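Novice: predicted model and sequence follow; I will ask about them next.
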Amino acid sequence: MDKLDCINAFITVVENGNFSKAALELNISRDQVSKRIYHLESTFSTSLFIRNTRNMNLTTSGEKFYSRCKVIQNELKAATNDFIYDQKYPEGILTIQAPHSFTKTCFPEIISKFKEQYPSIIINLLFSDNESNTNEGNLDIILKIEEEFDEKNTHLIDTYYRRFYGTPSYFTKHRKPQTIKDLIQHNIFLHSRSDLKNNLTISPPKLICNNSDILLDFCKEDKGLIFLPEFLVKKSEHNGEIIRCLDDFYTPKLYFYAITPYAEKSPKKIQVFLDCVKDFLSNPETNPPIS
């Protein structure tokens, strides 16, 4: 038998003066109330009430137990109210780790929008390309973009492909490639050596760099074409600084996902942040222009 139910029944009997009124308030039968009181008295091997035909008074043990039970009841109410408040108005520190490549994406706009919606949540944002787990540094969320996706403790945000991009001014000087073979006529900048596996060996890259910001800067200076995930160049493409080419060429799917320490239900502050990211990326027309 649940002890909290028994304690609640005991308090209700004390405050109503008898079993019948307590049963009405609890919306259970008088017999159920009696069983719960009996369970408490059997558990502690003592009587809680002095029973007679007219009155039901507490024993000395009953008085002490009632005082303790009221503290438990009040603490439970306070905890419940705190939980409800936290669900409605999440607060506290949210520690997020993201790759360095996120610094020039629309990620700053996502953080800004989130802070407008949830000002009581403090964002502790860490940029790192090191392999980490959520137990290191008390991380709440680790954001990743990778070709492999393990569903354990992860939340899929979106999927992307790597694409080729160049600036409008670059394509006025150089013919836009129509096929992969045309890439031999261009300078190609890759993010990692793994990109060489994606049928790009026709045109040896001029630069391989694991920092997408550097690659993006080279591209904006009209030095050649970059080959990066759509998400990482979303802001620059939206602003018209770069445009996509070779639309028919695509690579294995990339998964943009978040790792959290929780196997099942995450705290509200994590849920609302991930919802904010998904909403921003899936509804770009509802978001303000990126300047």
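Specialist: That came in fine, so what should we check first? Numbering: from 1, shown residues only.
Novice: this protein: strands as residue ranges?
Specialist: 49-51, 56-58, 92-98, 121-127, 141-146, 154-160, 162-166, 188-190, 207-208, 225-229, 243-245, 254-259 (DSSP state E).
Novice: go through those and pick out the most buried.
Specialist: Ranked by mean neighbour count, the strands of the chain are led by strand 225-229 with a mean of 25 (mean count of other C-beta atoms under 10 Å). In short, each C-beta sits where N, CA and C put it, glycine included.
Novice: so for that strand, mean pLDDT?
Specialist: For strand 225-229, mean pLDDT is 90.
Novice: strands paired with it, and their directions?
Specialist: Strand 225-229 has the following strand partners under DSSP bridges: strand 162-166 (antiparallel), strand 188-190 (parallel).
Novice: indicate which one of the ones you listed is closest to Thr12.
Specialist: The closest of these to Thr12 is strand 162-166. By C-beta to C-beta, the value is 64.9 Å.
Novice: so for the closest one, mean pLDDT?
Specialist: 92.
Novice: can I get the strands of the chain in a markdown table including distance to Gln73?
Specialist: Formatted as a markdown table, the strands of the chain follow (distance: least, C-beta to C-beta, whole Å):
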| stretch | distance to Gln73 |
| --- | --- |
| strand 49-51 | 18 |
| strand 56-58 | 16 |
| strand 92-98 | 27 |
| strand 121-127 | 31 |
| strand 141-146 | 36 |
| strand 154-160 | 37 |
| strand 162-166 | 59 |
| strand 188-190 | 64 |
| strand 207-208 | 65 |
| strand 225-229 | 54 |
| strand 243-245 | 63 |
| strand 254-259 | 39 |
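Novice: quick one, longest helix in this protein?
Specialist: helix 60-88 (DSSP state H).
Novice: which other helices and strands contact that one?
Specialist: Under the contact criterion of 3 or more C-beta pairs under 8 Å, 6 or more residues apart in numbering; DSSP states H and E, helix 60-88 touches helix 3-16, helix 30-44.
Novice: point out the most buried one among those.
Specialist: helix 3-16 (a mean of 18).
Novice: so where is the stretch 1-150 of the chain shaky, pLDDT-wise?
Specialist: Scanning the stretch 1-150 of the chain for pLDDT under 70 picks out the ranges 53-54, 85-87, 89, 104, 133-137.
Novice: repeat the analysis, applying 80 as the threshold.
Specialist: 1, 51-55, 81-89, 101-106, 129-137, 149-150 (pLDDT under 80).
Novice: can you put the helices and strands packed on helix 60-88 in CSV and add distance to Pro99?
Specialist: Putting these into CSV (distance: least, C-beta to C-beta, whole Å) gives the following:
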stretch, distance to Pro99
helix 3-16, 46
helix 30-44, 56
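Novice: for the stretch 101-250 of the chain, which segments are assigned as helices?
Specialist: Assigned by DSSP state H, counting those that start in this stretch, the helices in the stretch 101-250 of the chain fall at 107-117, 168-173, 212-220, 234-238.
Novice: Tyr161: which of these is closest?
Specialist: Taking the helices of the stretch 101-250 of the chain one by one with C-beta to C-beta, helix 234-238 is closest: 12.7 Å.
Novice: neighbours of Tyr118, how many?
Specialist: Per other C-beta atoms under 10 Å, the neighbour tally for Tyr118 reads 19.
Novice: how much space separates it from Ile184?
Specialist: Taking C-beta to C-beta, to the nearest Å as the measure, Tyr118 falls 50 Å from Ile184.
Novice: Ala258 is nearest to which of the helices and strands packed on helix 60-88?
Specialist: That would be helix 3-16 among these, by C-beta to C-beta, at 35.4 Å.
Novice: so that closest one versus helix 60-88, what angle?
Specialist: 120 degrees (axes from the mean of the first three to the mean of the last three C-alpha atoms, to 10 degrees).
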